[in-house]
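**Student:** Here is my input, please return the structure:
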Amino acid sequence: MKKEKKKQVKAGTQKKPDEIVAALDFFAEAGLLKRIKRSGWWVAGIDEPESVAEHSFRTAVMGFYLAYLEDVDPLKVISMTLFNDIHESRINDLHKMGHYYIDFKDAEKKVFKDQVENLDKKVKKALEGFRQDYDEQETKESIVARDADILECLIQAKEYYDHGHQGARLFFDKAPDYLKTKSARKMWQKIKKWDSSHWWQDIVKFER
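**Tutor:** Presented below is the predicted three-dimensional model:
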């Protein structure tokens, strides 16, 4: 009986998680995404693909731009794009073949729940809201954020293709069908014929 009482006292005096330390841990965890590679490109024969963090950054840039074209809240779009893949810091990126065999969506939700559990209540509530919004795909912002994610993959595929990775062209076949906004579909039509190295050739002038 005495041992049971001690256990009860210990359980009742557990310290509340330090929210600042929890935030620092969250930032460190987000930093791990800089070293996690986008695994789908391995299937296309690309040995050193971009990291999840690199993908998320450009998706956010594109989401910001698309948000203005589609007249939706850019802050919401950017927030969704930045945190959409945060769970991959714990369970890595999994390509589509893996998704066929593993219920990855449930794992994503479980990880995200644990990641935000000890954060500041306002931050936690905001992140949970962005996550739910993105998953449900009912608001205009969530649709734009998803389009930015797909479009970033298509631009990346075009860049790999332009640099000689023929397998990257496989991503051109089905991914564009999932684009929903007029702006994203219009961009895709340009991407198909666009030279991904054109931007720097106009800046750097080679003298003969």
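**Student:** tell me which residues of the longest helix along the chain are tucked away?
**Tutor:** As assigned by DSSP state H, the longest helix anywhere in the chain is helix 140-162. Along helix 140-162, these residues count as buried under the neighbour rule (16 or more other CB atoms under 10 Å): 140-158, 160-161. Placement of C-beta: from N, CA and C, glycine included.
**Student:** Stretch 37-50 now?
**Tutor:** 37-41, 44, 46, 49-50.
**Student:** so how far is that stretch off the chain centroid?
**Tutor:** 16 Å (CA atoms, centre = their mean, to the nearest Å).
**Student:** so how far does it reach from one end to the other?
**Tutor:** 6 Å (CA to CA, to the nearest Å).
**Student:** P17: what secondary structure?
**Tutor:** Three-state call for P17 (DSSP: H, G, I helix; E, B strand; the rest coil): coil.
**Student:** dump the residue contacts of the nearest residue to it once chain neighbours are set aside.
**Tutor:** With CB to CB, 6 or more residues apart in numbering as the criterion, P17 has its nearest non-adjacent residue at 4.0 Å, and that residue is N118. Under the criterion of CB atoms under 8 Å, 6 or more residues apart in numbering, the neighbours of N118 are 17, 19, 22.
**Student:** residues near the last one, how many?
**Tutor:** Put plainly, it is A22. 18 (other CB atoms under 10 Å).
**Student:** what helix or strand does it sit in?
**Tutor:** Assessed by DSSP states H and E, A22 sits inside helix 19-31.
**Student:** Buried ones in that helix, by neighbour count?
**Tutor:** Those would be 22, 26, 30, for helix 19-31 by 16+ other CB under 10 Å.
**Student:** pLDDT value on P17, please?
**Tutor:** P17 carries a pLDDT value of 81.
**Student:** Can you report how many residues lie near it?
**Tutor:** Neighbours of P17 (other CB under 10 Å): 12.
**Student:** if we can go back for a sec, what's in contact with the helix holding A22?
**Tutor:** Taking CB under 8 Å, 6+ apart as the rule, helix 19-31 contacts 53, 86, 89-90, 115-116, 118-120, 123.
**Student:** can you check stretch 179-194 too?
**Tutor:** With CB under 8 Å, 6+ apart, stretch 179-194 has contacts from 66, 69-70, 143-144, 146-148, 150-151, 154-155, 158, 172, 176.
**Student:** From those, pick the one nearest A107.
**Tutor:** A107 has its nearest neighbour among these in R146, at 19.6 Å by CB to CB.
**Student:** measure the nearest residue to that closest one once chain neighbours are set aside to I20 for me?
**Tutor:** Distances taken as CB to CB, 6+ apart place Q137 nearest to R146, at 6.3 Å, with adjacent residues excluded. In this view, Q137 and I20 are 34 Å apart by CB to CB, to the nearest Å.
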